[in-house]
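K.L.:
let me see the structure of the following:
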Amino acid sequence: MVREQYTTATEGTHIERPDDQNVYKIGIYGWRKRCLYLFVLLLLVILVVNLALTIWILKVMWFFPTGMGHLRVNQDGLRLEGESEFLFPLYAKEIHSRLDSSLLLQSTQNVTLNARNSEGEVTGRLKVGPKLVEVQSQQFQINSKQGKPLFTVDEKEVVVGTDRLRVTGPEGGLFEHSVETPLVQADHSPELRLESPTRSLSMDAPRGVHIRARAGKMEGLSQKDIRLHSSDGMLVLDAETLCLPKLAQATGGPSGSSEGLYEICVCPDGKLYLSVADVGTTCQENSLVCL
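P.N.:
Here you go, the predicted model:
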């Protein structure tokens, strides 16, 4: 502890002060001072280098007050100009292209669009791959500009909402089950063929079936039977010429019959046969054909 000494002196008296042996110097001196200055200088250099790197990064990455690079931030959302590559999933509510260009989504593997509910489960998926376009949803629908459904697919049915469904393939259309349509029509030049290679072909309608060939002939070919059945009505064959070239013909004929004239007879089972015409009917005499 330093003891302070006070000495009073009168005028004209000279008193020599004793040397104070307990004097303390305040501050940093010697090697400590040099180390402190060196540390401060090093911090200053690091600060300048960090500032320079920050400015360089801002310049290289094109940072602006409104965005970064081709990415701009506005009131409506984000605007991205040019081509961009996303390495991770992109979550967005709406994606629009510019008015003067189209929107292109491109990937080396596939492009997948998922729709999720509030619990994170996928409710709809569109996957475009190199060999397959897959849509996973409860219903797939294509609408026109006016909002009219053009094509709708669900688990129960497929609905085509256009005025005309046109099949342009050379093999036509293949249906494994029944088809319901008000009209089946071919183009003006090719022919229309309804064919069932291994099964039967039937056409049913509550108000009638109309088959019409306006500029050609109509053929019906079958390996077995062709049946024209009317439950409540009659069968009308209206033509200038009716040809039945392969009808069975009775061998015998009455004497004095006109040569070249025949009548058509019907068996109980519906089979038709020819019998030589006479003044009266000869079907009963030649009924052996029905046996």
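
K.L.:
tally of neighbours for residue 275?
P.N.:
By other Cβ atoms under 10 Å, 24 other residues sit near residue 275. C-beta here means a position set from N, CA and C on the backbone, and glycine is covered the same way.

K.L.:
could you list the low-pLDDT ranges of this structure?
P.N.:
Low-confidence segments of the chain (pLDDT under 70): 1-27, 189, 252-259.

K.L.:
residue ranges of the strands in it, please?
P.N.:
63-64, 67-68, 71-73, 78-80, 111-116, 122-128, 133-136, 140-143, 149-153, 158-160, 248-249, 262-266, 272-276 (DSSP state E).

K.L.:
most tightly surrounded among these?
P.N.:
strand 272-276 (a mean of 19; mean count of other Cβ atoms under 10 Å).

K.L.:
name the residues that touch stretch 183-190?
P.N.:
Identification of contacts with stretch 183-190 by Cβ atoms under 8 Å, 6 or more residues apart in numbering yields 192, 194, 215.

K.L.:
which among those gets closest to residue 174?
P.N.:
Proximity of the contacts of stretch 183-190 to residue 174 (Cβ to Cβ) peaks at residue 194, which lies at 12.2 Å.

K.L.:
quick check: that closest one touching residue 201?
P.N.:
Yes. Between residue 194 and residue 201 there is a contact under Cβ atoms under 8 Å: 6.2 Å.

K.L.:
now for residue 233, how many residues are close by?
P.N.:
For residue 233, the count of nearby residues is 7 (other Cβ under 10 Å).

K.L.:
let me redo that: residue 290
P.N.:
Residue 290 has 15 nearby residues by other Cβ under 10 Å.

K.L.:
now it, nearest residue through space, not along the chain?
P.N.:
Computed as Cβ to Cβ, 6 or more residues apart in numbering, the closest residue to residue 290 that is not its neighbour in sequence is residue 267, at 3.6 Å.

K.L.:
thinking the one you found is in contact with residue 286, fair?
P.N.:
No. Residue 267 is not in contact with residue 286 according to Cβ under 8 Å; the separation is 10.7 Å.

K.L.:
who has more neighbours out of these two?
P.N.:
Taking other Cβ under 10 Å, residue 267 and residue 286 do not tie; residue 286 has more neighbours (22 against 14).
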